[in-house]
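# take a look and give me a structure for this.
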Amino acid sequence: MKRSWLAVAAAAAQACSPATGPVPGRPVDVELSLHETEVVPGTALALTLDRVVGDSRCPVEVMCVWAGNAEVQVSATLPGNALEAHRLNSFLDPRVFEVGGYRVTFRRLFPEPREGAPIDSADYRLDLSVEGF
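Numbering: from 1, shown residues only. This next block holds a predicted model:
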């Protein structure tokens, strides 16, 4: 009897504890460097920033007619599933892809461009938001 009471108490405590992974309305932020793979906290979803396809964003100190766009390729994988490559954009569509019950959204690409200062590919960092649905 004592043993079953402990099991019920443990299950109740776990059910009441906050979710650690992304859930609807509570996204988790993930930052990736080039060729870096991160597993999204609380999930088995692994994301990799494969490459920056293009970066035409307007430099921060320049007044531009158009904000420009950064396009990246991100690979996503879950155990037992094939690797999926997705392209995301900072300004144009698509900005979001879905994989295995998760929605991955392009938030920001760092560093921001500066006039006359090319960005070395090793310096790029991609900020993504991952949310369950």
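# could you pull up the residues touching residue 124?
If a contact means Cβ atoms under 8 Å, 6 or more residues apart in numbering, then residue 124 has 33-34, 49, 52, 109-111 as its contacts. Any C-beta I mention is one placed from the backbone N, CA and C, and that applies to glycine too.
# of those residues, buried ones?
34, 49, 52, 109 (16 or more other Cβ atoms under 10 Å).
# quick one: contacts for the last one?
The one in question is residue 109. Residues counted as contacts of residue 109 (Cβ under 8 Å, 6+ apart) are 52, 55, 57, 70, 72, 90, 124-127.
# quick check: bridge partners of the nearest residue to it once chain neighbours are set aside?
With Cβ to Cβ, 6 or more residues apart in numbering as the criterion, residue 109 has its nearest non-adjacent residue at 4.5 Å, and that residue is residue 70. The residues listed as beta-bridge partners of residue 70 by DSSP bridges are residue 55.
# the one 4 residues further on now?
Each beta-bridge partner of residue 74 is listed here, defined by DSSP bridges: residue 49, residue 86.
# right, I'll leave it there.
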